[in-house]
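Undergrad: Sequence first, predicted coordinates after that:
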Amino acid sequence: MALLHTWTGLLFGWLLFAMFATGTAAYFQDEITRWMQPEVTGDADPVTSVEGALRFLEKAAPDAKTWFVTMPDRRSITTQVFWQPAEGRGRRGETSAVLDPSGQEVSARETRGGAFLYRFHFDLHYMPVIWARYLVGIAAMFMLVAILSGVITHKKIFTDFFTLRLGKGQRSWLDAHAVTAVLALPFHLMITFTGLVTLATLYMPWGIDANYASPQTFFDSVSGRAPQVERSGAAAPLAPAGAMMRAASAKWNGAEAGFLSVSNPGDATATVTLTRAPAEAIGSRGETLTFDGTTGRPIGEGQAKGAARQTESVMIGLHAGRFAEWGLRWLYFLSGLGGTIMVGTGLVLWNAKRRARLPDPENPHFGFKLVERLNIAAIAGLGAGIAVYFHSNRLLPLGMTQRAEWEIHSLFLAWAGIALWALIRPIRRAWAETLAVAAVLFLAIPPINAFTTSRGLFASLGNGDWVFVGFDVTMLLIAAGYGCAARKAGLLESRGRSPGAPRIYEGAKA
């Protein structure tokens, strides 16, 4: 079990670190997006926003086959609209727009915002999505094995949870690993297993293949999707959206709608389908209610969920955490941060436990040095890259072509730069220098935000803009964390020790 825990944790450890870090940030993806679009201000009323979005769609895509509207909620103030052209070519995201609360297209800087961090934690980047999801799935399976084997291996894990010995080299890293593992152990198990459930039909498609003509037939069956009705050719305006939204809310005991779709808009055969918002319940598969588009009269409900479908809905909802209010959302975030630290300390511990066993600790073999360098690239490099992602949002020219893509490129360029620095510098100095770079980059975010926008930390405090205040304070706290790590690594470097090296190695060197 110890061998299983060690190698399942190591082989995908660097990818798991990135998945945990970006997945943790995704719990505040809407707030990150708001920070990265400082031009968008105000509050959004769902009914007013939806009516404005429908007016926009009537002008932008009057002959579309389908309209889709993602409504604003208490965490976001923009409305996202998608439309499928009448000829039916292409996919849902082929044509889209982001609207402000009045229904006007947002005139804000181009950015992927927090959505990129969310997508990266399971879709990665610069590679086909299907490959990325298989890779992420394998990593998640390894993570589940590592968690379970870790519980079995560490017989005193709960006792060790109450023990944190600082400044003790390898013992300190083991204590930090145990504390962060046990502190949120139920969360780590839940988040790993439910992450696999979210893509279960991709990882285990054989039941679908054996029982359905095609995967799409299966999805149509379980979702109860009605067949598409052809247009009649008779023009007819849509009934008021507000009345349909209020009727749906009453049907769902006060829960609000989060999505609206219109089939055959502008035609007498139009139908409007409302879906409950994910934030209104733990289950992510919200109830649906369909209305006659011209009269606003309810004409059908979504197919009732069976036990398996309901279980899946709850598991996906638990993983995404969209139902969580502020207190629980912060608990999700802190638990995810603990998971990130757990993976990072585990990677460093692998080196720490093996250094003293080397014939010549000063000149380790290639595999050992490779793991050391990859640890720096993962732990310091990803953090520096995310900080640069935020910097580029403020510093790149607003009218730059493919601006959103260059924000993402900047993250990976910074990450690659840290990795290259780790390869060419002595290992002890590389730790201190790269961690210090990450600390400085996070520390610089609030002042750069203040210099480039009117929504700096102190201005936001005065205006009660708590999203911007919370973001800047979080950046300062992360900077402090990296700064403390850099200081510790610098002290070890001055003593001739690598992070995690046991004290016996220091004495042997002396």
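TA: Yep, that arrived.

Undergrad: list the contacts for Tyr212?
TA: Remark: with contacts taken as Cβ atoms under 8 Å, 6 or more residues apart in numbering, Tyr212 is in contact with 218, 221. For the C-beta atoms, the positions are set from N, CA and C on the backbone; glycine is no exception.

Undergrad: got the phi/psi numbers for it?
TA: With angles defined as degrees, to the nearest 10, Tyr212 sits at phi -130, psi 150.

Undergrad: All further residue positions should be reported with the first residue as 795.
TA: New numbering, starting at 795: the last item is Tyr1006.

Undergrad: quick check, Phe862 in a helix?
TA: No - secondary structure of Phe862, determined by DSSP: H, G, I helix; E, B strand; the rest coil: strand, with no helix assignment.

Undergrad: From Asp917, how far out is the residue nearest to it when sequence neighbours are not counted?
TA: If the residues on either side of it in the chain are set aside, Phe862 comes closest to Phe876, at 4.2 Å by Cβ to Cβ, 6 or more residues apart in numbering. Phe876 sits 18 Å away from Asp917, taking Cβ to Cβ, to the nearest Å as the criterion.

Undergrad: between those two, which one's more packed in?
TA: Neighbours of Phe876 and Asp917, each counted by other Cβ atoms under 10 Å, are more numerous for Phe876; the result is 20 against 15.

Undergrad: and Leu1083, helix, strand or coil?
TA: With three-state DSSP as the basis, the three-state label of Leu1083 is strand.

Undergrad: Mind listing the residues bridging to it?
TA: Leu1068, Glu1095 (DSSP bridges).

Undergrad: where along the stretch 1045-1194 of the chain do the helices fall?
TA: Under the criterion DSSP state H, counting those that start in this stretch, helices of the stretch 1045-1194 of the chain are mapped to 1101-1114, 1120-1149, 1160-1170, 1176-1189.

Undergrad: Identify, out of the ones you listed, the most deeply packed stretch.
TA: Neighbour counts averaged per stretch over the helices of the stretch 1045-1194 of the chain are highest for helix 1176-1189, at a mean of 23; criterion: mean count of other Cβ atoms under 10 Å.

Undergrad: And the contacts of that helix?
TA: The set of residues that contact helix 1176-1189 without belonging to it, under Cβ under 8 Å, 6+ apart, is 811-812, 815-816, 819, 829-830, 903, 905, 910-911, 1200-1202, 1204-1209, 1211-1212, 1228, 1231-1232, 1235-1236, 1238-1239, 1242-1243, 1246-1247, 1269, 1272, 1276.

Undergrad: go on, stretch 1247-1256?
TA: With contacts defined as Cβ under 8 Å, 6+ apart, stretch 1247-1256 is touched by 832, 1188, 1240-1241, 1243-1244, 1257, 1259-1260, 1262-1263, 1266-1267.

Undergrad: Weed out the non-buried ones from those residues.
TA: The neighbour-count test (16 or more other Cβ atoms under 10 Å) marks 832, 1188, 1240, 1243-1244, 1259, 1262-1263, 1266 as buried among those.

Undergrad: follow-up on the earlier one: which helix or which strand is home to the residue nearest to Phe862?
TA: Per DSSP states H and E, Phe876 falls inside strand 873-878.

Undergrad: Now do that strand: which elements does it pack against?
TA: Judged by 3 or more Cβ pairs under 8 Å, 6 or more residues apart in numbering; DSSP states H and E, the packing partners of strand 873-878 are helix 840-854, strand 860-864, strand 889-893.

Undergrad: could you dump these to TSV with distance to Ile1002?
TA: Compiled in TSV, those are given as follows (distance: least, Cβ to Cβ, whole Å):
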stretch	distance to Ile1002
helix 840-854	34
strand 860-864	25
strand 889-893	29
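
Undergrad: pLDDT on the helix or strand where Thr1011 lies, on average?
TA: Assigned by DSSP H and E, Thr1011 belongs to helix 1009-1017. Averaging pLDDT along helix 1009-1017 yields 83.

Undergrad: which parts of it are buried?
TA: By neighbour count, with 16+ other Cβ under 10 Å as the criterion, the buried positions of helix 1009-1017 are 1012, 1016.

Undergrad: Restrict it to CA atoms and write it as CSV.
TA: Output of helix 1009-1017 as CSV, limited to C-alpha atoms (Å, rounded to 0.1, in the frame of the first residue of the first chain):
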residue,chain,number,x,y,z
PRO,A,1009,-24.9,8.3,-27.7
GLN,A,1010,-27.2,11.2,-28.8
THR,A,1011,-30.2,8.8,-28.7
PHE,A,1012,-29.3,8.0,-25.1
PHE,A,1013,-29.0,11.7,-24.1
ASP,A,1014,-32.3,12.6,-25.8
SER,A,1015,-33.9,9.7,-23.9
VAL,A,1016,-32.7,10.6,-20.4
SER,A,1017,-33.3,14.3,-20.8
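
Undergrad: Need the contact partners of that helix.
TA: Contacts to helix 1009-1017, defined as Cβ under 8 Å, 6+ apart, come from residues 995, 999, 1002, 1005-1006, 1019, 1096-1097, 1103.

Undergrad: how does it look with 6 Å?
TA: Applying Cβ atoms under 6 Å, 6 or more residues apart in numbering, the set of residues contacting helix 1009-1017 from outside is 1002, 1006.

Undergrad: go on, stretch 1235-1242?
TA: Contacts made with stretch 1235-1242 from outside it, assessed by Cβ under 6 Å, 6+ apart, are listed as 1178, 1181, 1184, 1188, 1251, 1266, 1269, 1272-1273.

Undergrad: just stretch 928-937 next, same as before
TA: Contacts of stretch 928-937 with the rest of the structure, by Cβ under 6 Å, 6+ apart, involve 802, 806, 809-810, 916, 986, 989-990, 997.

Undergrad: same thing but at 8 Å, please
TA: Contacts with stretch 928-937, where a contact means Cβ under 8 Å, 6+ apart, come from 802-803, 805-806, 809-810, 813, 915-918, 986, 989-990, 993, 996-997.

Undergrad: All the helices of the stretch 845-994 of the chain, residue numbers only.
TA: Defined through DSSP H, counting those that start in this stretch, the helices belonging to the stretch 845-994 of the chain, from first to last, are 907-917, 923-947, 951-954, 964-977, 979-992, 994-997.

Undergrad: in the fifth one, what counts as buried?
TA: With burial defined by 16+ other Cβ under 10 Å, the residues of helix 979-992 counted as buried are 979, 981-982, 985-992.

Undergrad: Then the longest one?
TA: Residues of helix 923-947 classed as buried under the neighbour-count rule (16+ other Cβ under 10 Å) are 926-927, 930-931, 933-945.
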